[in-house]
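In: Next input, structure requested:
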Amino acid sequence: MFQSDFLENKTRKVTIVDVEIAVFKQLLIFLYTGNAPRLAEESITRLLFELADKYGAGTLKDECVDVLLTQFNIENVIDMLVWAHFHSIEKLSEKAMKFLVKNFRKLCVQPEWMELMKNHPDLCLRANQQMAVLLPDTESEDSE
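Out: Alright, predicted model coming up:
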């Protein structure tokens, strides 16, 4: 940008409009120090992951995933599962799925579950398949 005929070369300024300043600031701090002080804040972690992905900061992406792996709860697991699936974060997606299956009785009555069924039937199918594995083996009725 600074070595061509782009506006940034003339003004010596780069305008970033697609991210909150607090999140971008954490990216810059990480790039200069190797540490993002607000990384563990639930409102920042996913946004910081997306920004790290956009700018190719792989180490920061990995650190974001490590933090997200500790942030599952009943209120956010469905959203986290969808988000992890969208971003192809297999490690996070699998752990979210395990948490969902383990807490299914609480989750299946929430409006978020209905939205998941409607908008992401593939994820619901995976959840149902994993729940089926947990069911005790019983003999089929045909064998009686």
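In: Return the backbone torsion pair for the closest residue to Ala40 other than its chain neighbours.
Out: For Ala40, ignoring the flanking residues on the chain, the nearest one in space by C-beta to C-beta, 6 or more residues apart in numbering is Val67 at 5.2 Å. Every C-beta, even on glycine, is put in place using the N, C-alpha and C of the backbone. With angles defined as degrees, to the nearest 10, Val67 sits at phi -70, psi -40.
In: Closest to the centroid, which residue in this protein?
Out: The centre of the chain sits closest to Ala84, judged by C-alpha atoms, centre = their mean, with a distance of 3.7 Å.
In: which residues touch it?
Out: Applying C-beta atoms under 8 Å, 6 or more residues apart in numbering to Ala84 gives the contacts Leu68, Leu92, Ser93, Ala96.
In: neighbours around the second one, how many?
Out: For Leu92, the number of neighbouring residues by other C-beta atoms under 10 Å comes to 23.
In: same deal with the third one?
Out: Counted with other C-beta under 10 Å, the neighbours of Ser93 add up to 20.
In: which parts of the helix or strand hosting it are buried?
Out: For Ser93, the element it lies in under DSSP states H and E is helix 90-102. By neighbour count on 16 or more other C-beta atoms under 10 Å, the buried set for helix 90-102 is Leu92, Ser93, Lys95, Ala96, Met97, Phe99, Leu100, Val101.
In: what's next to it, contact-wise?
Out: Taking C-beta under 8 Å, 6+ apart as the rule, helix 90-102 contacts 65, 68-69, 72, 77-78, 80-81, 84-85, 107, 123, 126-127, 130-131, 134.
In: Distance of the residue nearest to the centre of the chain relative to Leu28?
Out: Ala84 sits 25 Å away from Leu28, going by C-beta to C-beta, to the nearest Å.
In: same question, Ala57
Out: Distance, Ala57 to Leu28, using C-beta to C-beta: 10 Å.
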